[in-house]
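Asker: Got a predicted structure here, sequence first:
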Amino acid sequence: MKTPAVILHTNAPDEAVSIVAETHPDLSLHGCDSYEALPGLIAETGAEVIYSVRFQGGPGYPARAALSPPVKWLSVGGSGVDHLGSWDTGAVTVTNAAGVAADMMAEYALGCALQFTLDLGRYRRDQAARIWDPAAKVEPLEGKTCLTLGLGQTGRAVARRMKAMGLHVLGVRARPKATDNCDEVHGMEALPDLWPRADLLVVCVPLLPSTRGIVGAQAFAAMKPSAILIDVSRGGVIDEAPLLDALQTGRISGAARDVFAEEPLPEDSPFWAQGNLILTPHSSAVYDGWAAKSVRMFAENLGRYRRGEPLFNVVDPARGY
């Protein structure tokens, strides 16, 4: 049984250390709560295993240290790995926590869709103004078409909820194959034909060279004026300039975005004032218990690592997941 030194790199390392110690009491566990201190701690402890959450955002993340000797395994506490750049899979293994927040992000997507179809913003404004308008109407989701871009664990969770609500679900994935709760599954090359069919577009793909800006001017020009966009992917997947234009000109009905190319979103960003946009601070995956669930997933995988068994959720750097 391997006994590697392990670093728990989070904004709450004491809790993470405590959780891992429950099932690995014999290991040397070290907490770290800053980007700046991580390289020095790796050198000091000779840690070959790191569990790391990107808790201060992408800029400044010490990826080179986290992916270099003596580190042999980097376990990312979230699902996205775009902050790491590339790595040598022969020297270090990277895993992620895909699935930990998939259901929560799917609920976020469904909730945002209902916010628009029920026009809850209007009702809140009417309430504040003490307006009673019995002519106001709501719109059903049932019968609409949802285009789910990306069918990883989050995309599949989205598809399950949308199908349960009576939508026709179109799925898009790099390697198309029949997928539960999807009426049709297509490859990325089919997107030009799919944009016009979508009443609801939910974006769940990782940020890769192949997905950067994939939802851009051509997509918005082809979409229905009544279409709603929901983005739970990564900043950079959606081209923000044409999105802003589409929202301002009514080219699409509305959008909900949990991710942006620059985070925190600058105070002077025009997105703040956009009335047909729901804006959240990269929080669709954050719920009470998320962090502990992610660490417990790592602890389970750590058992596999110590026994010399294959790890789960190994990330292919070429695919980004």
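Answerer: Everything's here; your move. Residues are numbered from 1 along each chain as shown.
Asker: Ser226: helix or strand, and which one exactly?
Answerer: Using DSSP states H and E, Ser226 falls within no helix or strand.
Asker: Find the nearest non-adjacent residue to Asn191, please.
Answerer: Not quite, residue 191 is Leu, not Asn. In this structure, Leu191 finds its nearest non-sequential neighbour in Val172, 6.6 Å apart by Cβ to Cβ, 6 or more residues apart in numbering. C-beta here means a position set from N, CA and C on the backbone, and glycine is covered the same way.
Asker: need the contact list for that neighbour.
Answerer: Leu147, Thr148, Leu149, Gly150, Leu151, Val185, His186, Gly187, Met188, Ala190, Leu191, Leu194 (Cβ atoms under 8 Å, 6 or more residues apart in numbering).
Asker: one more time with 10 Å, if that's ok
Answerer: 147-151, 155, 182, 184-191, 194, 203-205, 214 (Cβ atoms under 10 Å, 6 or more residues apart in numbering).
Asker: In strands, which of the residues you listed appear?
Answerer: Counted as lying in strands by DSSP state E, out of the contacts of Val172, are Leu147, Thr148, Leu149, Glu184, Val185, His186, Val203.
Asker: Tell me the one of those residues nearest Phe55?
Answerer: Val203 (23.5 Å; Cβ to Cβ).
Asker: and the residue nearest to Leu191, bridged to which residues?
Answerer: Judged by DSSP bridges, the bridge partners of Val172 are Leu149, His186.
Asker: Any figure for the gap between the residue sitting nearest the centre point of the chain and Gly289?
Answerer: The residue lying closest to the centre of the chain (Cα atoms, centre = their mean) is Ser233, at 4.6 Å. Ser233 sits at a distance of 23 Å from Gly289 (criterion: Cβ to Cβ, to the nearest Å).
Asker: What of Leu74?
Answerer: For Leu74, the distance to Gly289 - Cβ to Cβ - is 23 Å.
Asker: again, but for Gly150
Answerer: Counting by Cβ to Cβ - Gly150 and Gly289 are separated by 25 Å.
Asker: Just the pLDDT at Ala292, thanks.
Answerer: pLDDT recorded at Ala292 is 96.
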